[in-house]
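Chemist: Any chance you can model this:
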Amino acid sequence: MGIENLDIKNYREIVDNATQLVNGKPSKERQVQKARIKAILNGGVEGMKALLGEKMESSDADLLPAPNMLQSGIDRLAQKISGIPQVRVDILNHNTSDRAKFRAEKLERIVTSYDEKQNLSLQLGQAARWLPGYGYCAWIITTRTDKNGYIYPTAELRDPYDTFPGNFGPDQQPRELAVLRRVPRYKLAQLYPEFAKEILNPDESETNEASYGPGGVGQQYETDRQSNWEDNTGQGVRIIEYYDVGGTYVVFPEKNMILDFIPNFLSGTPFIFMKRLAFDELKGQYDHVIGLMAMMAKINIMSAIAMEDSVFTETNISGELESGQYRKGRFAVNYLAPGTQVSKPQNNIPYQLFQQVDRLERQLRMVGGYPVTDDSQSPNSFVTGAGLSELNSTMSLMINEYREIVKHGLQQMDAKRLEMDTLLAAQFPELQKKPITGFYAGTSFSENYAPLSDIAGEYRTRRVYGVMAGFDEPQKIVTGLQLLQAGVIDTETLQDNIDGLDNIAKVQERIRKNKAENVLFESVLARSAQGDMAATMAVIAIYEYPGEMTDILKMFYTPQEPQLPPAEQAVIEQQMMQEQAGPPSVAQALGGGM
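Modeler: Predicted coordinates:
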């Protein structure tokens with residue numbers, strides 16, 4: 001028996017592999033944790049049930065006094081992580097030629113156009129919530145056709161809740177990936193019109209365990225009709241996307257059929273996988289604080305109950321009541337026999353509970369990496385600048401770690417997109433020259449590029465977070481200014497590393513123009529102080545029309561030559577022509593010929 005083609009799998013192999021990824025013991029345990037995190041961060045009734053138990057009465061769950069600190073914490077953390085790092089293409093071997101610089105800038109514009117076409121800024125905003133929450137997120141490398149018929153590489157974000165990676169291996173990157181997606185029937189029929197009849201004709205008798213392979217993928221997911229990130233209606237049908245080095249397989253388990261197979265021409269896997277660094281297992285940022293948050297919710301509810309009980313506590317009467325029934329409330333009057341005592345028992349349990357809530361909040365913030373400074377609260381009653389910097393150092397290290405993960409993933413994404421673009425141009429002649437548009441260095445651009453010559457196998461990029469790309473940009477800017485003043489770096493280097501500072505070339509032109517204007521204006525003031533009437537008139541004109549200072553300075557420094565009569569002008573021009581012709585020879589001077 002010879003070696004079979006290991007790149008192309010049949011239906012059973014695809015479903016078996018996907019089932020193994022989904023229904024393995026680690027995946028099942030992780031899925032339970034992901035479901036709890038998802039419910040808590042989405043909030044509402046399901047979030048309270050995830051904290052207090054499924055048997056909780058859900059009629060008034062939204063009114064329970066339990067703050068969702070995980071949701072606010074992940075929003076604060078995501079706002080620090082999200083943001084597209086700048087694209088840098090380094091020139092090889094210190095080649096400072098104009099051609100090498102132009103090629104590097106061209107590659108940067110190409111990658112920037114990729115980012116804009118796939119809306120990477122919003123994708124990173126969503127991924128910045130999934131990466132700490134679920135512990136990982138994934139992009140799929142595919143293509144997209146614009147309105148003019150040109151095909152460009154792109155990366156599509158997938159929901160980590162329905163994404164199951166394979167074996168990580170020693171390099172901590174999976175070689176296979178299973179994605180369970182729910183797509184409306186009509187949309188699925190539009191994508192695959194050749195199978196529209198089977199797709200639009202549901203057959204409930206075929207939605208059994210056998211259609212999903214051993215272990216039953218469908219048992220866990222087809223019965224779960226709640227909406228998810230892609231399908232907010234919850235009315236779609238499940239399909240399986242299975243990715244490996246060989247290609248992409250799209251399976252429709254309900255009809256026991258393979259809808260599509262897309263071969264992979266890339267040198268690696270057709271997906272990008274970012275995962276949070278953990279000790280030994282795939283864990284999210286807040287997996288260890290769910291119990292603390294549940295305890296906080298319980299104590300908050302118990303505190304409210306205890307406070308109400310302390311307000312409406314019982315009354316103890318020792319003696320006789322002469323006015324019948326004892327009345328309570330405002331303006332109530334009771335007549336008691338002499339010697340009768342009335343008392344209410346004192347209970348300080350609510351105040352003790354308040355202190356315990358504070359302790360739990362501190363524990364939750366420490367374990368979850370959610371400092372009070374994120375909520376604009378001072379950590380102490382009196383804090384110095386150095387003290388705040390020390391308190392923020394741990395948060396800075398955590399943000400830098402997340403950014404390293406995002407940068408590494410985006411650099412992989414850039415390499416795969418550039419490689420995909422080159423392969424498309426090599427396969428389709430009409431794609432060897434394509435237009436790109438976008439914004440680069442603060443200015444819009446529109447040009448054509450040839451993937452085979454402009455990319456030419458150079459797939460490596462570098463992603464850089466600028467100085468103002470973080471939550472601690474004031475400290476970083478102050479440090480940059482100190483380095484600039486000390487002469488360690490130059491102005492252009494500082495500007496190049498400030499995130500959000502666009503069109504540095506135009507900024508440099510304006511700086512030079514302002515410096516030149518200041519020098520010229522100071523010169524005019526000095527000449528005016530020495531009694532120069534023309535300079536004084538120029539200063540008066542600038543005072544009256546400050547917005548036209550540039551034009552006034554041009555008029556002042558432009559020399560005004562006096563106009564000569566036509567006869568004198570002709571003589572001067574003749575003399576200038578003779579000087580250009582050179583001195584006469586000896587024969588010419590004596591009146592002889594050549």
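
Chemist: Any stretches of the stretch 101-250 of the chain with poor pLDDT?
Modeler: Applying pLDDT under 70 to the stretch 101-250 of the chain flags residues 203-235.

Chemist: List the strands paired with the lengthiest strand in the chain, with their directions.
Modeler: Looking across the chain with DSSP state E, the single longest strand is strand 136-145. Here strand 136-145 is paired, per DSSP bridges, with strand 151-158 (antiparallel), strand 271-275 (antiparallel).

Chemist: hey, C-alpha coordinates of that strand in CSV?
Modeler: Coordinates of each C-alpha in strand 136-145 appear next as CSV, following Å, rounded to 0.1, in the frame of the first residue of the first chain:
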residue,chain,number,x,y,z
TYR,A,136,-7.1,33.5,22.7
CYS,A,137,-8.5,34.7,19.4
ALA,A,138,-8.0,33.7,15.8
TRP,A,139,-8.1,35.2,12.3
ILE,A,140,-8.6,33.3,9.0
ILE,A,141,-6.5,34.3,6.0
THR,A,142,-8.8,34.5,2.9
THR,A,143,-9.5,36.8,0.0
ARG,A,144,-12.0,39.5,-0.7
THR,A,145,-13.1,41.0,-4.1
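
Chemist: Would you mind listing the outside residues contacting that strand?
Modeler: Outside strand 136-145, the residues that touch it by C-beta atoms under 8 Å, 6 or more residues apart in numbering are 117-118, 123, 127, 130-131, 151-158, 160, 163, 165, 177, 179, 241, 243, 248, 266, 270-276, 282, 409, 413, 416-417, 420, 424. Placement of C-beta: from N, CA and C, glycine included.

Chemist: Pull out the buried residues from those residues.
Modeler: With burial judged by 16 or more other C-beta atoms under 10 Å, the buried subset of the contacts of strand 136-145 is 117-118, 123, 127, 130-131, 151-155, 157-158, 160, 163, 165, 177, 179, 241, 243, 248, 266, 270-276, 282, 409, 413, 416-417, 420, 424.

Chemist: Look at N400 and tell me its secondary structure.
Modeler: helix (DSSP: H, G, I helix; E, B strand; the rest coil).

Chemist: next helix or strand past the helix or strand bottoming out on mean pLDDT in the chain?
Modeler: Counting by mean pLDDT, DSSP states H and E, the chain has its least confident helix or strand at helix 217-221, which shows a mean of 45. Scanning forward in sequence from helix 217-221 by DSSP states H and E, the next helix or strand is strand 237-244.

Chemist: okay, the angle between that next one and strand 151-158?
Modeler: Between the axes of strand 237-244 and strand 151-158, defined by axes from the mean of the first three to the mean of the last three C-alpha atoms, to 10 degrees, the angle is 110 degrees.

Chemist: in the stretch 401-550 of the chain, which spans are strands?
Modeler: 434-440, 443-449, 462-464 (DSSP state E, counting those that start in this stretch).

Chemist: Among the ones you listed, which comes closest to R527?
Modeler: Of all those, it is strand 443-449 that lies closest to R527, at 39.1 Å by C-beta to C-beta.

Chemist: Any buried residues in that closest one, and which?
Modeler: Of the residues in strand 443-449, Y449 count as buried by neighbour count, 16+ other C-beta under 10 Å.

Chemist: Please apply the same query to stretch 101-119.
Modeler: 103-104, 106-118.

Chemist: what's the most distant pair in those?
Modeler: R103 and Q118 (23.4 Å).

Chemist: Tell me how many other residues crowd A278.
Modeler: 13 (other C-beta atoms under 10 Å).

Chemist: For it, which three-state class applies?
Modeler: Note that with three-state DSSP, the state of A278 is coil.

Chemist: Y249 belongs to a strand, doesn't it?
Modeler: Yes - the assignment for Y249 is a strand, going by three-state DSSP.

Chemist: ok, it to I240 distance?
Modeler: 8 Å (C-beta to C-beta, to the nearest Å).

Chemist: and if you look at L51?
Modeler: L51 is 32 Å from I240, where distance means C-beta to C-beta.

Chemist: on that earlier part again, so for Q172, which of the strands of the stretch 401-550 of the chain sits nearest?
Modeler: That would be, of those and by C-beta to C-beta, strand 462-464, which comes in at 19.0 Å.

Chemist: Check which strands are paired with that closest one and give the direction for each one.
Modeler: Applying DSSP bridges, strand 462-464 is found paired with strand 86-88 (antiparallel).

Chemist: buried ones in the strand it pairs with?
Modeler: Q86, V87.

Chemist: Identify the residues contacting that strand?
Modeler: E108, V111, T112, D115, D414, T461, R462, R463, V464, Y465, G466, D499.

Chemist: List of residues touching the helix or strand following that strand?
Modeler: Remark: after strand 86-88, the chain's next helix or strand is helix 98-117, criterion DSSP H and E. Helix 98-117 has contacts (C-beta under 8 Å, 6+ apart) with 84, 87-92, 120-121, 144, 146, 152-154, 414, 417-418, 421, 436-440, 445, 447, 449, 454-455, 458, 461.
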